[in-house]
Structure formats: C-alpha cells, structure tokens
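[1] make a model of this:
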Amino acid sequence: MKKLLLLAVLFSSIHSFAQNENRTIKVDFNKTAGKLNTMFKECIGAGRANEGLRADWQQQLALVKKECDFKYIRFHGLLTDDMAVYREDEKGNPEYNYQYVDVLFDFIVSLKMKPFVELGFMPNALASGKETIFWWKGNVTPPKDYKKWEDLIRNLTAHFKERYGDEEVKTWYFEVWNEPNLTPGFWTGTQEEYYKLYDYAARGIKAVNPAYKVGGPATAGAAWVPETIAFCTKNNLPIDFISTHAYGVKHGYLDEFGTSGTILSKDEFSVSGEVINSRKQIAESAKPNLELHYTEWSSSYTPADPIHDSYHSAAYILQKLKQVGNAANSMSYWVFTDIFEEPGPRFTPFHGGFGLLNTQGIKKPAYFSYYLLNKLGETELQNSDKTSWTSKNAKGDVQVLLWDFMNTHPGDKELNQTYYIKDLPSKEKGKVKIEVDGMKKGKYLLEIYKVGYKVNDVYADYLAMNKPSQLTREQVNKLKEKNNGAPISTEKITINAKGTFSREFKINENDVVMLNLIKQ
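    Got it, this is the predicted structure:
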C-alpha cells in the first residue's frame with residue numbers, strides 16, 4: 001500500500017506540472033539528501049561482442065567512458081561462432097580459444113570499465129539445433145550436452161580469473177543467456193530447460209570461485225522474476241542478482257529485422273513501473289535483498305525507431321531514471337552506439353538506431369542525458385521537484401539538472417516510425433525559477449547547458465540537410481560541431497553574503513537544461 005501511495009504522489013506531482021505553467025526549484029546548499037545515487041551510469045549496452053573488435057566501436061566507447069563514465073558494459077554474442085570460442089575435434093572433444101575475447105576484454109578493462117558478462121549464444125558445435133537469430137546468426141538452441149556447456153563456462157571463467165585476477169573478476173556479473181522467455185526468438189527451449197541451462201552455468205562459475213556473481217533470467221518484459229527466485233530457492237541454486245528488461249512502447253518485445261511498427265506508451269509509468277514492481281517482487285520473495293539490474297531498457301525495443309534519434313528522447317531518459325529512483329541497482333541503456341548489426345548493417349546515418357551515438361560517432365540528444373547526469377556532484381541536495389536533480393560537490397560547485405517531459409505522440413492513430421521523423425517544434429511551457437540558498441560567498445562561473453528542439457538536436461539538422469543517405473566528411477564534421485554539448489552560455493557571477501542564487505527562464509516541452517555553478 002505504501003508503494004502504491006508513493007506512485008500516486010509521484011504521478012500527481014508530475015501531472016500537476018503539466019497543468020501549471022510556472023515552476024520553482026528551491027534548494028538549500030546545506031540541506032543534503034545523501035550520496036547521489038548513480039545507478040544511471042553503472043552499465044551501458046552494446047550490440048554484440050564481435051562488433052567490439054572494430055576500431056570505430058572502440059573509439060566511441062572510449063569517448064562515452066570519458067564523458068559519461070559508465071562502469072560496466074553488456075553485449076550479446078560472446079559465445080557465438082564469430083568470437084571463435086568453441087569447437088570440437090573429430091572425436092568430439094572440446095577445444096577452447098579466447099584470443100578474440102581477450103582483445104575485447106583487455107580493451108574494456110584498459111578503459112577502467114568492467115564486463116557485465118552475458119553468457120550466450122550457443123556455439124554451433126555445442127548446439128542441439130540450427131535455429132538462429134539476427135543477421136549474425138546467434139544460435140538460440142539448448143546445448144546438445146549440458147555437461148559440455150558447464151565445462152565451457154567453467155573453463156571460460158577460469159580463464160578470466162587467470163588473466164584478470166580473482167579480485168577483479170569478483171566485481172563482474174555473469175548473466176545466463178538473453179530473453180529466454182521470447183520463444184522461439186531467443187530460446188527454442190522451455191522455461192524448465194532455461195533453468196537447467198542456468199543451473200549448469202552457475203555450477204561452472206561457482207566451481208572457479210563461489211564469490212563470483214551469477215544471475216538472470218535476463219527476460220523481456222520483466223518476466224519470470226518470482227519464478228526464478230523460487231526455482232533457485234527450491235533447488236538450492238546460487239543466484240546473486242535478478243536481471244530483466246523493459247521498453248517504453250506498446251505491444252511486442254522483439255524486432256529481429258527492424259521492420260516493426262511501434263507506439264510510445266502513454267502510461268505515465270511505462271518502464272519505471274515495471275522496475276518498481278520487480279523490486280517489489282524481490283522484496284516479497286525468499287531472497288529479498290537480491291540486487292536488481294535492468295540490463296536493457298530504452299523508449300523502444302526496435303533498432304528502427306526514430307524516437308531514438310529525436311530530441312524527445314533526452315527528456316524521456318531523465319524522466320524514467322528519476323521515476324525509478326533506488327528501485328534498481330543499475331539501468332543499462334540499450335545501447336551506446338549505432339554500430340549495431342542485429343538486422344544487418346544499416347544503410348543510412350540516422351535510421352532510428354538504439355545508439356547514443358550514430359555510426360559516425362555523432363552525438364544524439366539521448367547522449368546528452370548521460371553526459372549531463374555525469375556532471376552532477378557526488379552529494380544530492382534535498383529537492384521537492386520531481387523532474388530535476390540538484391547536487392553539489394566537495395569544491396562547493398552546485399548543479400541543477402531539470403527537464404520537461406511531454407509525450408506528444410498522438411497515440412494509436414500513428415506509429416513512431418512516421419511521427420518522429422517529422423519536424424516537431426516544441427511548445428512553450430512557461431517559466432522555471434531556480435533558487436539556491438546557503439551558497440558560499442564568492443565568484444562563480446555559471447555554465448548553462450541545453451538539449452531540446454534544434455538545440456543539440458542532430459536529427460533536426462539532418463532534416464535540414466534533406467536527409468542525405470550518406471554523409472560527406474564535411475557534413476559529419478558540421479553535425480558534430482553543432483551538436484557538441486558545449487554550454488549555450490557562460491557568465492561570471494558573484495554570490496553575496498546572503499548566499500542566494502536566483503535565476504528565471506522560459507522552458508519548452510521536452511527541454512533539458514542544466515545549470516552548473518563552478519566556484520572560482
């Protein structure tokens with residue numbers, strides 16, 4: 001009942017701003033809410049392991065790490081044949097090879113990131129069938145021999161221990177498979193067969209070190225959470241975390257070839273409501289303290305949805321993360337780059353791909369949500385406004401990150417695929433007043449950042465170019481320069497002995513604004 005009341009209060013506060021044209025964010029430098037919860041940057045997604053061997057993928061990940069500071073990265077296809085991990089000799093004896101895996105994992109670790117290890121899909125030599133998914137043909141059948149599956153996972157885990165050290169691998173997460181509830185898409189077996197796959201994988205991992213973390217079920221649509229905990233409890237199987245996925249569109253979970261039509265959900269708590277419910281399911285289970293990791297989430301589950309390229313995504317991301325609060329230990333956005341080949345290589349620079357960056361490394365509006373979140377200080381300030389974060393750091397700097405999210409989608413009468421490709425001007429939303437009391441006297445540099453319609457809005461710039469199917473080098477450079485996330489204004493200000501900063505400005509629908517007050 002308490003959680004339902006909390007949801008009602010949150011809905012009321014968000015809804016009331018939609019009706020109220022004037023808004024005030026008032027905080028006190030000396031009234032803190034504790035350490036800032038950084039679950040938003042704990043993990044980021046990528047398409048598949050083999051793409052991580054590309055130079056441009058690695059260059060983009062280095063940039064994303066530098067500017068957004070994600071801690072973990074998760075991707076499909078670690079065990080798929082293009083990673084050359086497993087084969088059998090003429091007598092059926094397993095042969096293991098980790099040369100490709102080492103190149104990828106060495107690079108990830110060199111960035112001071114950690115792998116969130118998704119164990120999938122099935123090597124063809126170990127598979128019980130020929131069914132595959134995606135252009136790159138990940139085998140989705142159960143193993144022909146579960147003992148050989150366990151041996152592969154144990155050998156791989158032992159290799160990680162030898163190469164990266166016990167203490168490092170203790171900090172990793174091992175997630176068994178991906179979306180096994182989507183049959184026959186990602187898994188041709190039954191739910192019971194998935195639990196058998198999980199059982200043998202967990203044994204292989206824990207045989208190397210019982211302290212290594214294993215979990216699942218990595219389901220679509222927040223499914224199987226109570227069942228998985230109950231199965232592991234009943235059979236005395238290890239489970240260190242729950243992982244599952246959520247997307248913010250109506251209907252469907254999988255778009256293998258990028259041809260589905262989608263509609264952004266009008267549910268105020270799409271995505272976030274599922275996360276909160278997953279936390280509730282864990283709390284009511286036999287293992288109430290399990291970590292909860294949403295290892296995929298986004299506005300839409302298809303790699304051909306123009307909302308991913310739209311300025312609407314920036315405010316959407318912040319809205320959902322704020323609603324989630326402390327319900328999840330991580331929210332892994334799917335994905336960091338459009339170098340992503342599930343439906344095959346893409347033929348145009350902006351095609352509704354999942355990425356925060358497009359194929360050429362041009363920053364989309366969604367990128368700046370994470371870029372600005374990473375600028376928040378380590379201490380959160382008490383703040384009654386539900387669509388902003390306020391923070392400070394040890395140097396005395398103050399940050400205010402605010403947004404307005406409005407779902408302007410017309411609903412069932414139109415698909416995302418035709419709506420978000422249009423020029424969509426944002427309407428005025430009134431004024432926002434920012435007031436910070438208790439600040440230290442002195443000089444400050446005030447930086448103001450913004451994302452919105454035609455501001456760090458690369459798709460609008462691409463439309464203005466008449467949507468060329470290929471970009472010249474000059475066009476890429478022009479788009480990167482115009483969408484670089486630099487402050488829209490900087491000014492020197494003085495805070496007097498009263499210690500109060502005040503500023504009022506106009507805001508439009510789906511604007512994201514950050515004020516960064518840097519103590520000089």
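
[2] might one say that residue 308 is in contact with residue 357?
    No - using CB atoms under 8 Å, residue 308 is not in contact with residue 357, being 11.1 Å away. For every residue, glycine as well, the C-beta is placed using N, CA and C.

[3] and stretch 172-187, which residues are buried?
    Buried residues in stretch 172-187, counted by 16 or more other CB atoms under 10 Å: 172-182, 185-187.

[4] and that stretch, how far out from the chain middle?
    17 Å (CA atoms, centre = their mean, to the nearest Å).

[5] list the contacts for the residue lying closest to residue 133 once chain neighbours are set aside?
    In this structure, residue 133 finds its nearest non-sequential neighbour in residue 140, 5.3 Å apart by CB to CB, 6 or more residues apart in numbering. Residues near residue 140 by CB atoms under 8 Å, 6 or more residues apart in numbering: 121-122, 131-133, 184-188.

[6] gap between residue 140 and residue 298?
    22 Å (CB to CB, to the nearest Å).

[7] could you list the low-pLDDT ranges of the chain?
    Low-confidence segments of the chain, defined by pLDDT under 70: 1-21, 252-253, 255-258.

[8] domain parsing for it?
    In terms of domains, the chain is parsed into 18-35+380-519, 39-378 (source: automatic domain parsing).

[9] point out the most buried one among these.
    Of the domains of the chain, the one with the most neighbours on average (mean count of other CB atoms under 10 Å) is domain 39-378, at a mean of 20.

[10] quick one: distance of that domain to the chain centre.
    10 Å.

[11] just stretch 513-520 next, same as before
    26 Å.

[12] got it, and stretch 424-440?
    27 Å.

[13] send the alpha carbons of that stretch over as PDB?
    Provided in PDB are the C-alpha atoms of stretch 424-440 (Å, rounded to 0.1, in the frame of the first residue of the first chain):
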ATOM      1  CA  LEU A 424       8.300  18.600 -34.400                       C
ATOM      2  CA  PRO A 425       8.600  22.100 -32.900                       C
ATOM      3  CA  SER A 426       8.200  22.200 -29.100                       C
ATOM      4  CA  LYS A 427       5.500  24.400 -27.500                       C
ATOM      5  CA  GLU A 428       6.300  26.900 -24.800                       C
ATOM      6  CA  LYS A 429       5.700  25.600 -21.200                       C
ATOM      7  CA  GLY A 430       6.000  28.700 -19.100                       C
ATOM      8  CA  LYS A 431       8.800  29.700 -16.700                       C
ATOM      9  CA  VAL A 432      11.100  27.900 -14.300                       C
ATOM     10  CA  LYS A 433      12.600  29.700 -11.400                       C
ATOM     11  CA  ILE A 434      15.800  28.300  -9.800                       C
ATOM     12  CA  GLU A 435      16.700  29.400  -6.300                       C
ATOM     13  CA  VAL A 436      19.700  28.100  -4.300                       C
ATOM     14  CA  ASP A 437      20.200  29.300  -0.700                       C
ATOM     15  CA  GLY A 438      23.100  28.800   1.600                       C
ATOM     16  CA  MET A 439      25.800  29.100  -1.000                       C
ATOM     17  CA  LYS A 440      29.300  30.100  -0.200                       C
END
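
[14] and residue 431, how close does it get to residue 175?
    Distance from residue 431 to residue 175, by CB to CB: 46 Å.

[15] over to the spatially most central residue of the chain: give its phi and psi.
    Residue closest to the average C-alpha location in the chain (CA atoms, centre = their mean): residue 333, at 1.2 Å. When read as degrees, to the nearest 10, the backbone of residue 333 gives phi -70, psi 140.

[16] that one against residue 373, yeah?
    No - counting by CB under 8 Å, residue 333 stays clear of residue 373, with 10.9 Å between them.

[17] tell me the SS of the residue of the chain most remote from its centre?
    Outermost residue of the chain with respect to the C-alpha centroid, by CA atoms, centre = their mean, is residue 91; its distance is 43.6 Å. Per DSSP: H, G, I helix; E, B strand; the rest coil, the secondary structure class of residue 91 is coil.

[18] can you give me the helices for the chain?
    2-19, 55-68, 99-110, 146-164, 166-169, 191-208, 225-234, 272-283, 312-324, 365-373, 416-419, 458-464, 473-482 (DSSP state H).

[19] adding distance to residue 437, write those out as JSON lines.
    JSON lines is the format used below for the helices of the chain (distance: least, CB to CB, whole Å):
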{"stretch": "helix 2-19", "distance to residue 437": "22"}
{"stretch": "helix 55-68", "distance to residue 437": "31"}
{"stretch": "helix 99-110", "distance to residue 437": "43"}
{"stretch": "helix 146-164", "distance to residue 437": "48"}
{"stretch": "helix 166-169", "distance to residue 437": "44"}
{"stretch": "helix 191-208", "distance to residue 437": "51"}
{"stretch": "helix 225-234", "distance to residue 437": "43"}
{"stretch": "helix 272-283", "distance to residue 437": "30"}
{"stretch": "helix 312-324", "distance to residue 437": "23"}
{"stretch": "helix 365-373", "distance to residue 437": "23"}
{"stretch": "helix 416-419", "distance to residue 437": "42"}
{"stretch": "helix 458-464", "distance to residue 437": "38"}
{"stretch": "helix 473-482", "distance to residue 437": "37"}
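
[20] got the phi/psi numbers for residue 426?
    According to degrees, to the nearest 10, residue 426 has phi -90, psi 140.

[21] wait, what's in contact with it?
    311, 452-453, 508-511.

[22] please repeat the previous calculation with a cut-off of 7 Å.
    452-453, 508-511 (CB atoms under 7 Å, 6 or more residues apart in numbering).

[23] ok, now residue 78?
    49, 101, 117-120.

[24] before we move on, what about residue 412?
    residue 263.
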